[in-house]
Structures are given as structure tokens and as C-alpha cells.
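K.L.:
got a predicted structure here, sequence first:
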Amino acid sequence: MRALSLLAVALVAGCVGTGAAPVAEGPVVPIRFDSGGIEAVGTGQRIDFGRDQAGVLETMTRLQGRAPVALPCDHSANTAFRWRDGPLLVFRNGAFAGWSIPDPAQSADGSTQFGQTCVPLG
């Protein structure tokens, strides 16, 4: 009976929290970049070129474990978002149009960019 009481206390303690969600320090799910967009490795899920900016940013923020920084680009139709120590995603007129990454090992073919590019202003 004592073990059951301790289990109940542990369950209740596990349900009561500080209200703050844990924050990851880096990528939560490994991702691979390719000529079609981005693959969430091992999940069967993809983020393909042409997808809407809001959905791509929401998904990538979950996958990366943190929010990106918005960057204006040298071409007015393009906007970019960069994750610290991670990818830069480019959107053209609100649609996912390109990526660049610091580590070629994250790419399916060893490239560091594909699709639309952005030279961040400022």
C-alpha cells in the first residue's frame, strides 16, 4: 500500500510543473537538405520547396528547438530566416524557395546551398 501511495505522489508531482516548456539547445530531430527541400530524418516527413512560409517556419522551429532570426535579403521578393549555428531558409513571395547550411555533411549530396539565395542586408 505504501508503494502505491508513493507512486500516486510521484504521478501528481510529475503533472505539476513550473508552466514553462523545456527549451532545447539544438536540433530536436536530425534533418537532411536536398534538391527537393528538407527531410526530417527517420520520420518520413518532408518540407518541400513551394510550401508556405508560416508552415515551414513553424515546423523548422520545432525541429531546430529554437526560433530563427528574420533577415531582409538583397532581392526584395526574398526574405530569409536563420537559426543560430544552423540553416538559412529563403522564401520568395512567401513560398519556401532555397536553403543554405554551414555544414555540407547535412546535405544529401554535400552541397551547402540549393535554390534561391539571399545576401542578408545589414
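P.N.:
In hand now; what should we look at?

K.L.:
C-alpha from now on. contacts and neighbour counts both.
P.N.:
Fine.

K.L.:
count the neighbours of residue 93 for me.
P.N.:
13 (other C-alpha atoms under 10 Å).

K.L.:
quick check: the residue nearest to it when sequence neighbours are not counted vs residue 95, distance?
P.N.:
The shortest distance from residue 93 to any non-neighbouring residue, by C-alpha to C-alpha, 6 or more residues apart in numbering, is to residue 77 (5.4 Å). Separation of residue 77 from residue 95 (C-alpha to C-alpha, to the nearest Å) stands at 10 Å.

K.L.:
ok, now residue 52?
P.N.:
Here the criterion is C-alpha to C-alpha. By it, residue 52 lies 5 Å from residue 95.

K.L.:
got it, and residue 66?
P.N.:
21 Å.

K.L.:
ok, now residue 110?
P.N.:
Residue 110 is 24 Å from residue 95, by C-alpha to C-alpha.

K.L.:
between those two, who's got more neighbours?
P.N.:
Ranked by neighbour count (other C-alpha under 10 Å), residue 110 and residue 95 place residue 95 first, with 18 against 12.
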